[in-house]
Each structure stands twice: as structure tokens, then as C-alpha cells.
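Peer 1: 3D model of this:
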Amino acid sequence: MKTKNLYITVGLLVSTILTTANSAQAAIFTSNVSQNTNPKANIFLNSITQNGKTFSNFSYVNSANILFNTPRTIKPVNEGGASTDKGDNANAPLPTNEEPTGAEIAAYLGNNNLNNIIDTEDTGSFEIDIFFEHKIIKDNSGLDNIFYWERGQNSSIGIQAIDHLGNTIGNFITITKNDLTYANFDINTKEISSAQPVGSVGISLDALGVTSLSGLKLTAHGSYHGPDFKLIARKTTPEPTTVLGLGAVATLAFLRRRQFKFNSVK
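Peer 2: Below is the predicted model of the structure:
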């Protein structure tokens, strides 16, 4: 009877933890940047504020695998896919490239300068796997996990979680211009002739249908109007309640093994 009651207690504990972990997360956030008056200069992301919490524990892109990228064309206009782009007077880790390698894409995404972006021509298509420095794990903070900015607020992009091997997991979702909120700064990059507003949106692991991910598969089609974007993840670690939940599951497994041995002896 005592063992049975302990099973019930552990089961209720795990249920409570899982219910708490499924709390809603908001997509709107504030980008706390170094400056918002010069759209051609460096615009460093210092921190993000969401749901009354400010944080700067970011995990950046550290590698990228280009599965497909529309080849560049010169005439009559450039109809290529994803390229690296930056503010006219902004610093960048490497020179811009209309036909970038995976390493170049990772370098432009892998920093906190929001005036280093990936630019896509209006009719361009791509499929690119990106990986973060750290595994992104669901927690109970009420904060989103992926933070996305789009120059122009006029394009779409497809996003799906991937594991460390690049296998897709969870849900495929599409971020459209209707999902974006003005981020309170504009950028003017080498690919354009005047400043454009930047939109932003937060994406939770719940929305992606996973509890953890190592990276993202990014997809654009010609009908997506060429997303010009930057994205950064929030570095996460399991919270005490998660560890407690894992401990409860381990305890339950131990009790089951112990009961099995006891019954075998009888």
C-alpha cells in the first residue's frame, strides 16, 4: 500500500511539473540595442526584454549547412538566394558575398550585430540548416526561445527544429509579415538604397512542437518575397523543477524495479 501511495504521489508531481512547463509564452519582445538613430551603423543587441524580464544569455549560430540556394544571376536583375549583407558603415566578420558559404552565413548570423543579416532576393529560394552554440532546452521562464528580426517587415520564412544530426523534428511553421512587430529601429544595408523598418517576433519551443533542439531548418520559396533576416536563440538550462521531475521519474523506475525483484523472490 505504501508503495502504491508513493506511485500516486510521484505521478502527481510529474503531472504538476509538466503542466507548469506548458505555460504560455508571448511572441512580442523589446530589442535593447546600442543605438537606433543611424541605420547604416552597428546596431548591437545588448539584451531582450519580454514578459517583464530582461536577459542577455544568448546562444548564437555557430555553423550552417546550405542544402539549396538559388544561384546568383546578373541580368536583368540579381535573382539569387540567400547572401550576406550589412549596414553600409557597419562592421562585419567577413566581406559580404552574394554566393556565401555555410561558414559565411554562420558568421553573419553568429553575432549580436543586428546590422549583419542574411539578405534574400525577392524571387530567391533556399534551404539552410543552422546550428546553435548550445542545445536549446525548454524551461519554465515564460520566455520565447528563438528571436527573429526581418528587414522590411514584408517577407515570410519557414522554420522547423532539427536535432544534432540535422534531422527535422516537431512542427514546420511559417513566419509571415503579419507575425512581426516593429522593433523600434531601421537598418540600411548595402543591398538597398534607403532605410527600412525592422520587424521582430519571438518563437517558443512549444510552437515548434519540441522540448529541445540543436538548430533550425530555414526555408524560403520564391513566393516568400525574399526574407532579409537575423535570428538568435536564448541560452537555456534545465530548471530545478525539471531536474526534480527527472528525479521523480528515476525514483518511480527504481521502485518498479524493486517491486519486481520483491515479487520474484516471493
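Peer 1: in this structure, what residue spans correspond to helices?
Peer 2: For the chain, the helices defined by DSSP state H cover 2-21, 102-109, 205-208, 240-265.
Peer 1: report the helix or strand with the lowest average pLDDT across this structure.
Peer 2: helix 2-21 (a mean of 41; mean pLDDT, DSSP states H and E).
Peer 1: isn't D122 right up against D228?
Peer 2: No. Using CB atoms under 8 Å, D122 is not in contact with D228, being 10.1 Å away. Using the backbone N, CA and C atoms, a C-beta is placed for each residue, glycine as well.
Peer 1: report the contact partners of N171.
Peer 2: 160, 207-209 (CB atoms under 8 Å, 6 or more residues apart in numbering).
Peer 1: could you dump the residues you listed into JSON lines and include distance to S223?
Peer 2: JSON lines is the format used below for the contacts of N171 (distance: CB to CB, whole Å):
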{"residue": "Q160", "distance to S223": "18"}
{"residue": "A207", "distance to S223": "22"}
{"residue": "L208", "distance to S223": "22"}
{"residue": "G209", "distance to S223": "24"}
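Peer 1: ok, so of those residues, who is nearest T181?
Peer 2: Among the contacts of N171, A207 lies closest to T181 (CB to CB), at 15.7 Å.
Peer 1: I'd say that closest one and I173 touch.
Peer 2: Yes. At 6.1 Å, A207 counts as touching I173 under the criterion of CB under 8 Å.
Peer 1: between those two, which has more neighbouring residues?
Peer 2: Using other CB atoms under 10 Å, the more surrounded residue of A207 and I173 is A207, with 19 against 15.
Peer 1: okay if I get the contacts of N171 as CSV plus pLDDT?
Peer 2: Converted to CSV, the contacts of N171 look like this (pLDDT from 0 to 100):
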residue, pLDDT
Q160, 98
A207, 97
L208, 98
G209, 98
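Peer 1: and the furthest pair within the residues you listed?
Peer 2: So, the contacts of N171 by CB to CB: farthest apart are Q160 and A207, at 11.0 Å.
Peer 1: name the residues contacting each of the two.
Peer 2: By CB under 8 Å, 6+ apart, the residues touching both Q160 and A207 are 171, 173.
Peer 1: quick one: low-confidence parts of the stretch 151-266 of the chain?
Peer 2: 238-266 (pLDDT under 70).
Peer 1: which stretches of it form strands?
Peer 2: Assignment of strands within the stretch 151-266 of the chain using DSSP state E, counting those that start in this stretch yields the ranges 157-162, 168-175, 181-187, 196-203, 212-220, 229-234.
Peer 1: the closest residue to N115 other than its chain neighbours: how many residues sit nearby?
Peer 2: If the residues on either side of it in the chain are set aside, N115 comes closest to G87, at 3.6 Å by CB to CB, 6 or more residues apart in numbering. The tally of other residues near G87 (other CB under 10 Å) stands at 23.
Peer 1: bridging residues for G87?
Peer 2: G87 forms beta bridges with T189, as assigned by DSSP bridges.
Peer 1: so it sits against P39, correct?
Peer 2: Yes. At 6.8 Å, G87 counts as touching P39 under the criterion of CB under 8 Å.
Peer 1: which residues do the two both contact?
Peer 2: 115, 187-188.
Peer 1: looking at those, spot the one nearest S56.
Peer 2: N115 (18.1 Å).
Peer 1: not counting stretch 179-195 itself, show me its contacts.
Peer 2: Contacts of stretch 179-195 (CB under 8 Å, 6+ apart): 27-28, 30-31, 33, 36, 39-40, 43, 83, 85-88, 90, 96, 114-115, 117, 119, 149-151, 153, 196-201, 228.
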